[in-house]
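Enquirer: what's the 3D shape of this:
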Amino acid sequence: MMNWILLLMGLVVAVVVALMLGGLMAPKQRRVVRGIRLPIRPDEAWPVVRQVDGPPRWCASLPNMHVVQEQEAVQLVLDVLDDDNVVTGQWQLAVLPLSESGLIPQGEEQTAVASLVVLAEQSVLGNPVMRMVRSVDRGAGRVDSFLEAVAQQFGVNERATDVSETIGRLVSASRSSAD
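Expert: Okay, the predicted model is just below:
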């Protein structure tokens, strides 16, 4: 009987050590860029997206946040807070105009027929065990939940997708046109 107890304790210790070592090797910072397409104009989507300063009734799973910077009807930067109001990350929300052929570059005169709501989350996690758990979970849980809740406010049943490449191309194009 004593051997079984020792074996069980050894397994528990081995799992904890594995989590700690894996977490120490996982990066402390994480950036997730997700987006969702809405069949409405950006000026109609913005008021719903803007409600994040304090959890809106339709998405109670949001963490505590406060607005750091706002570019009216285009972009919102928020600090993500833990239960002790310590900043643990940042959200950057943008509502981008879409035409029939895709993203409308900034400054171009086209009529938007839809919106791309983009949410980039950058978070820092110090606890190695939690970093290990986060590295195994490749999903973007609360980011996807928020974006899908925004879509449901407009009766749209879409899934959030990774838009980091799309946003990267848009930023590169805007930099090259500025040169």
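
Enquirer: Would you check that my belief about K28 contacting L125 is correct?
Expert: Yes - with contacts defined as C-beta atoms under 8 Å, K28 counts as touching L125 at a distance of 6.2 Å. Heads up, the C-betas are built off the backbone N, CA and C, glycines and all.

Enquirer: who's more crowded, these two?
Expert: L125 (20 against 13; other C-beta atoms under 10 Å).

Enquirer: ok, the closest residue to the more buried one other than its chain neighbours - contacts?
Expert: Closest residue in space to L125, ignoring its immediate chain neighbours: R131 at 5.1 Å, by C-beta to C-beta, 6 or more residues apart in numbering. Residues in contact with R131 (C-beta atoms under 8 Å, 6 or more residues apart in numbering) are G23, L24, A26, P27, K28, L125.

Enquirer: Okay, buried residues for stretch 28-45 please.
Expert: Neighbour-count burial for stretch 28-45, with 16 or more other C-beta atoms under 10 Å as criterion, is recorded at R30, V32, V33, R34, G35, I36, R37, L38, I40, R41, P42, A45.

Enquirer: What average pLDDT does it get?
Expert: The pLDDT scores in stretch 28-45 average 86.

Enquirer: any idea how far that stretch is from the chain center?
Expert: In this view, stretch 28-45 has its centroid 8 Å away from the chain centroid, taken as C-alpha atoms, centre = their mean, to the nearest Å.

Enquirer: Which strand in this structure has the most residues?
Expert: Among the segments of the chain that qualify as a strand by DSSP state E, the longest is strand 87-99.

Enquirer: Centre of the chain to that one, how far?
Expert: 8 Å.
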